[in-house]
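K.L.:
Build the 3D model from these lines:
(chains A and B)
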There are 2 protein chains.
Amino acid sequence: MSQFDSAALAEPVLGPTETSIGIGMLGFGTVGTGTYRMLRDNREAIRKKAGVDVSLVRVGIRDAAKERAIGRDLLTTDLTAVVDDPRVSIVVELMGGVSPAGELIERALRQGKHVVTANKELLAKSGPRLINLAAREGLDLHFEAAVGGGIPLIQPLRHQLSGNDVLKMMGILNGTTNYVLTRMTDEGLDLGDALREAQSKGYAEADPTADVDGFDAQYKLAILASIAFGKAVPVEGVYREGIQKIARRDIHFAQVLGYKIKLVGVVEALEDGGILARVHPTMLPRNHPLASVDDVYNALWLRGDFVGDVMLSGRGAGADPTGSAVVGDIMDVCRNIRYGGAGNSVPLDEGIATAPIEKCRTRYYVRMVIQDRPKALGCIATVFGNCNVSLAAMEMRGVDSRLGEIVFLTHVSSEASIQRALKAMRNIHIVEQIGNVIRVEH
Amino acid sequence: MSQFDSAALAEPVLGPTETSIGIGMLGFGTVGTGTYRMLRDNREAIRKKAGVDVSLVRVGIRDAAKERAIGRDLLTTDLTAVVDDPRVSIVVELMGGVSPAGELIERALRQGKHVVTANKELLAKSGPRLINLAAREGLDLHFEAAVGGGIPLIQPLRHQLSGNDVLKMMGILNGTTNYVLTRMTDEGLDLGDALREAQSKGYAEADPTADVDGFDAQYKLAILASIAFGKAVPVEGVYREGIQKIARRDIHFAQVLGYKIKLVGVVEALEDGGILARVHPTMLPRNHPLASVDDVYNALWLRGDFVGDVMLSGRGAGADPTGSAVVGDIMDVCRNIRYGGAGNSVPLDEGIATAPIEKCRTRYYVRMVIQDRPKALGCIATVFGNCNVSLAAMEMRGVDSRLGEIVFLTHVSSEASIQRALKAMRNIHIVEQIGNVIRVEH
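P.N.:
Residues are numbered from 1 along each chain as shown, chains lettered A, B, ... in the order given. Predicted coordinates:
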């Protein structure tokens, strides 16, 4: 990396002037670095389009010992001092985690400072409270970078699409798991190998729990659902299932049946006015618009009552794409400060009812190992039938002389019926193992 | 269609109050009807998200005799009176055409009224002047519906993506021609039949010139380029070629070679700081993200220096999708009025240099009919070679005992070299006809 000329960005401006607005950044990791680089490299164009110069006046970090690609003079470990700095008009929080990020953002808002953040966990857990605080104070709280990296998602939902009743949304919201599943599909890797490859490429953390277990996608889906429905969606209201159980055999059978397996977040509007929000591995028909979103790409597909189907896709993670979203937000806040507008955030209403996963109605894929005997198949089909689950397709292959692996694809069924059938199945002696159950988008 | 209860939308509000903002609409055709329906059907949700009630107080039309799905009491043929009505704070121009729409919008802005418009022709021809007038007056001029129907395009370019240097943009911007080309590809129709089908479905006008000849896409590309580069892009600076010459045989050869033919608008940033903007039929590799955008769908793909690749797609036309974009704009203006912000439009800079098509460098498809003789192929290949055009692929089939049809796919060449080769080709007696030349995206 070439020389960083932090001085060029950090001319000593004493508070926002007619032509310059001061930024205080909290955190200087991956996203902070991308944001800094973009502010520096595209400075002139940003100044023209934002109508003012953006000056990075202070950067708060936690570990002073770490090497950073920015001038030392800008750095401080006193995070509160960054927020309180009178030269800072916009606090850009890029440290992640609930605390102390939440307290620092609140402190900024209470001082009349605008906030830009990329913190999905905080927004999923405390977003409605912070959004409503910002709205009350007439301040901007922007968080485009929290979901989908550089893809415009939050603001299009808040603005251009906001007249629509959202009927259904589906998103590939986690780049790590999408990369892992893509490698399993394209190269026949198993999950462990694909994950190690993702780690070696910097696409997965050393501890990949947040991604693999679906927490990251759950946070993001809660945020998207809140914005789309204009109501607080509690993160606990979003059903979550990770990709841990996806085996190479599932990928194989999905391909045979004409599907791809993706970790998908789905939100459906229910007739009772509530929503069903869920994150889980999903089999998508090969011609589904989300099925071709591979590698670390993210995408959101939605259906609105007037707009019809819309899809937005792009790079969902990484320093530069996420930095692009942070800088877009900073420029918006700058324009709002400069041209007299500020805080067109509309407060979120009280929470919306979130239905339990048992309300899910979709198709299901069930893979099981059974004893290879006469009447085995008839017996299993009868159990499905008794539970009101009708079958659409089947694939079978021998495991050894005694056992066979069998895969069923059901017609649309209720989750409750499927669970009842699986419970009954576990009591049949010819069923050796229920390998996996995956919801199928139709 | 059910009863229209225009009274519910048109409570007699006398000018915008704390809780209601008055809309004056100019034009009540397809887009006007969609806008009206959305304001009516989603009224309660719009009120909540916009923070105020939206009241349609007057609708200006040109033909009083025509039957309209709206109460007669709202209608007037006095267009100026709609603009001047003191109850109207936002003028929504949906009549199309340069005049009188342009004068009416200017009149509205000069009276301090915000404007929402879907008028691509006017924006392509007078957009920079109107945008800069609105910016000077501190007013909103929104036009999301002018490009890509319901897809969020203009505002994401202006806001979330605005920190990026746009390196390249490609868009399928005209639904009519995309439908025609899709039907030619999927059903083997010829252009005339596909166009008649589009007309019978309401996807094409009785006079389809604006779509088929590429004017519509040219207008839209000029608008997108202006916003993406923050500088006026004159519509004459956008090279334009329609789909008239696309034959069934071109579609066939494209398929054989692994491509799909689409009418694509392309803008590339050149090294000299200018741009090359062009609309023409384009062969896209089958796995290109735009290649699967079929029927009346539209999409914009772009590459930014930080965000990387982003794609936004959806329904590019029709009453409801376009109405969705108009209503999104209206809600934005309402929020700006309500929460004290207004007009964060940033003026456009003076024009950007637009390069002529001769600066284009891409791959080319050339279809020609030649005499089926020994050495014919060698002769043609030599002409290409002499003009510095190297060949990547070839397909040939007999036409009759005397003639053969031959298709070449070149490596990346300059437009100037191709034109030179074609000129030379026309002087060779074995070349009976140059059937078509299509630019190929690589």
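K.L.:
Does A:G404 lie in a helix or a strand, and which?
P.N.:
strand A:403-410 (DSSP states H and E).
K.L.:
What helices and strands are in contact with that strand?
P.N.:
On a contact count with 3 or more CB pairs under 8 Å, 6 or more residues apart in numbering or on different chains; DSSP states H and E, strand A:403-410 meets helix A:248-257, strand A:361-371, helix A:376-386, strand A:391-398, strand A:431-440. Quick note: C-beta positions are derived from backbone N, CA and C, even for glycine.
K.L.:
Report the mean per-residue pLDDT for that strand.
P.N.:
Strand A:403-410 comes out with an average pLDDT of 95.
K.L.:
quick one: contacts for A:F306?
P.N.:
By CB atoms under 8 Å, 6 or more residues apart in numbering or on different chains, the residues touching A:F306 are A:163-164, B:34, B:37-38, B:42, B:150, B:320-321, B:323-324, B:327.
K.L.:
could you dump those to TSV with distance to B:A198, pLDDT and secondary structure?
P.N.:
As requested, the contacts of A:F306 are exported to TSV (distance: CB to CB, whole Å; pLDDT from 0 to 100; DSSP: H, G, I helix; E, B strand; the rest coil):
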residue	distance to B:A198	pLDDT	secondary structure
A:G163	28	96	coil
A:N164	26	97	coil
B:G34	19	96	helix
B:R37	24	97	helix
B:M38	25	97	helix
B:N42	30	97	coil
B:G150	19	97	coil
B:D320	18	97	helix
B:P321	17	97	helix
B:G323	21	97	helix
B:S324	22	98	helix
B:V327	27	98	helix
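K.L.:
interface residues of the stretch 201-350 of chain A facing chain B?
P.N.:
A:230, A:289, A:292, A:304-315, A:318, A:320-321, A:323-325, A:327-332, A:335-336, A:339-344, A:346, A:349 (CB under 8 Å from any CB of the partner chain).
K.L.:
now the helices for the stretch 51-200 of chain A?
P.N.:
Under the criterion DSSP state H, counting those that start in this stretch, the stretch 51-200 of chain A contains helices at A:79-84, A:101-110, A:120-137, A:154-158, A:175-187, A:191-200.
K.L.:
highest average neighbour count across those helices?
P.N.:
Of all the helices of the stretch 51-200 of chain A, helix A:154-158 carries the top mean neighbour count, a mean of 25, counting by mean count of other CB atoms under 10 Å in any protein chain shown.
K.L.:
Leaving out chain neighbours, which residue sits closest to A:V437?
P.N.:
Nearest residue to A:V437, sequence neighbours excluded (CB to CB, 6 or more residues apart in numbering or on different chains): A:V366, at 5.3 Å.
K.L.:
thinking that neighbour is in contact with A:S413, fair?
P.N.:
No: counting by CB atoms under 8 Å, A:V366 sits too far from A:S413 to count as a contact (10.4 Å).
K.L.:
Just say helix, strand or coil for A:I352.
P.N.:
When classified by DSSP: H, G, I helix; E, B strand; the rest coil, A:I352 comes out as coil.
K.L.:
coming back round to it: among the contacts of A:F306, which one sits closest to B:D250?
P.N.:
Closest to B:D250 out of these is B:P321 (29.9 Å), distances taken as CB to CB.
K.L.:
Would you mind measuring from that closest one to A:G71?
P.N.:
From B:P321 over to A:G71 the distance is 49 Å, taken as CB to CB, to the nearest Å.
K.L.:
follow-up on the earlier one: can you list the contacts of A:F306 in CSV and add distance to A:R278?
P.N.:
Shown next, in CSV, are the contacts of A:F306 (distance: CB to CB, whole Å):
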residue, distance to A:R278
A:G163, 26
A:N164, 21
B:G34, 32
B:R37, 32
B:M38, 29
B:N42, 25
B:G150, 26
B:D320, 28
B:P321, 27
B:G323, 31
B:S324, 26
B:V327, 29
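K.L.:
neighbours around the closest residue to A:G265 other than its chain neighbours, how many?
P.N.:
Among residues not flanking A:G265 along the chain, A:L221 sits closest, at 3.7 Å (CB to CB, 6+ apart). Neighbour count for A:L221, taken as other CB atoms under 10 Å in any protein chain shown: 32.
K.L.:
okay but A:L221 is in contact with A:M170, surely?
P.N.:
No: in this structure, A:L221 is not within contact of A:M170 by CB under 8 Å, at 9.8 Å.
K.L.:
what do these two both touch?
P.N.:
Joint contacts of A:L221 and A:M170 (CB under 8 Å, 6+ apart) are A:265, A:267.
K.L.:
re the thing from before, for the helices of the stretch 51-200 of chain A, which one sits closest to chain B?
P.N.:
Closest approach to chain B among the helices of the stretch 51-200 of chain A (CB to the nearest CB): helix A:154-158, 3.8 Å.
K.L.:
A:L302 looks like it's in a strand, true?
P.N.:
Yes: judged by three-state DSSP, A:L302 forms part of a strand.
K.L.:
for it, which residues make a bridge with it?
P.N.:
A:M169, A:V310 (DSSP bridges).
K.L.:
returning to that earlier point: nearest to A:D211 among the contacts of A:F306?
P.N.:
Lowest distance from A:D211 to the contacts of A:F306 (CB to CB) belongs to A:N164, with 30.4 Å.
K.L.:
where's the closest residue to that closest one other than its chain neighbours relative to A:K168, distance?
P.N.:
In space, and not counting its chain neighbours, A:N164 is closest to A:G304: 3.1 Å by CB to CB, 6+ apart. A:G304 is 9 Å from A:K168, where distance means CB to CB.
K.L.:
now swap in A:V346 and tell me
P.N.:
Counting by CB to CB, the gap between A:V346 and A:K168 amounts to 23 Å.
K.L.:
So which of those two has more stuff around it?
P.N.:
Ranked by neighbour count (other CB under 10 Å), A:V346 and A:K168 place A:V346 first, with 20 against 15.
K.L.:
ok, now how distant is the more buried one from B:R40?
P.N.:
21 Å.
K.L.:
One more: A:D73?
P.N.:
Per CB to CB, A:D73 is found 59 Å from B:R40.
K.L.:
rewinding a little: including mean neighbour count, could the helices and strands packed on strand A:403-410 go into a markdown table?
P.N.:
As requested, the helices and strands packed on strand A:403-410 are exported to a markdown table (neighbours: other CB atoms under 10 Å in any protein chain shown):
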| stretch | mean neighbour count |
| --- | --- |
| helix A:248-257 | 18 |
| strand A:361-371 | 19 |
| helix A:376-386 | 15 |
| strand A:391-398 | 13 |
| strand A:431-440 | 18 |
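K.L.:
between the ones you listed, which gets nearest to B:L422?
P.N.:
B:L422 lies closest, by CB to CB, to one member of the helices and strands packed on strand A:403-410: helix A:248-257, at 45.5 Å.
K.L.:
Other residues contacting the closest one?
P.N.:
So helix A:248-257 is contacted by A:181, A:184-185, A:188-191, A:260-261, A:283, A:365, A:367, A:393, A:395, A:405, A:407, A:409, A:435-436, A:438 (CB under 8 Å, 6+ apart).
K.L.:
rewinding a little: so the residue nearest to A:G265, which of the three states?
P.N.:
helix.
K.L.:
Would you mind listing the residues in contact with it?
P.N.:
A:171, A:173, A:238, A:265, A:267, A:277, A:279.
K.L.:
wait, which of these is closest to A:T77?
P.N.:
The closest of the contacts of A:L221, once distances to A:T77 are taken by CB to CB, is A:L173, at 32.7 Å.
K.L.:
That closest one: what's it in contact with?
P.N.:
So A:L173 contacts A:147-148, A:216-217, A:220-221, A:224, A:263, A:265, A:279, A:298, A:300, A:316 (CB under 8 Å, 6+ apart).
K.L.:
out of these, which is most surrounded?
P.N.:
Result: A:L221 is most packed of the contacts of A:L173 (other CB under 10 Å), 32 neighbours.
K.L.:
and the gap between that one and chain B?
P.N.:
Between A:L221 and chain B the computed distance is 20 Å (CB to the nearest CB, to the nearest Å).
K.L.:
Show me what the residue lying closest to A:I151 once chain neighbours are set aside is bridged to.
P.N.:
Excluding its sequence neighbours, the residue lying closest to A:I151 (CB to CB, 6+ apart) is A:G314, at 4.0 Å. Note on A:G314: beta-bridge partners A:N298, B:V310, judged by DSSP bridges.
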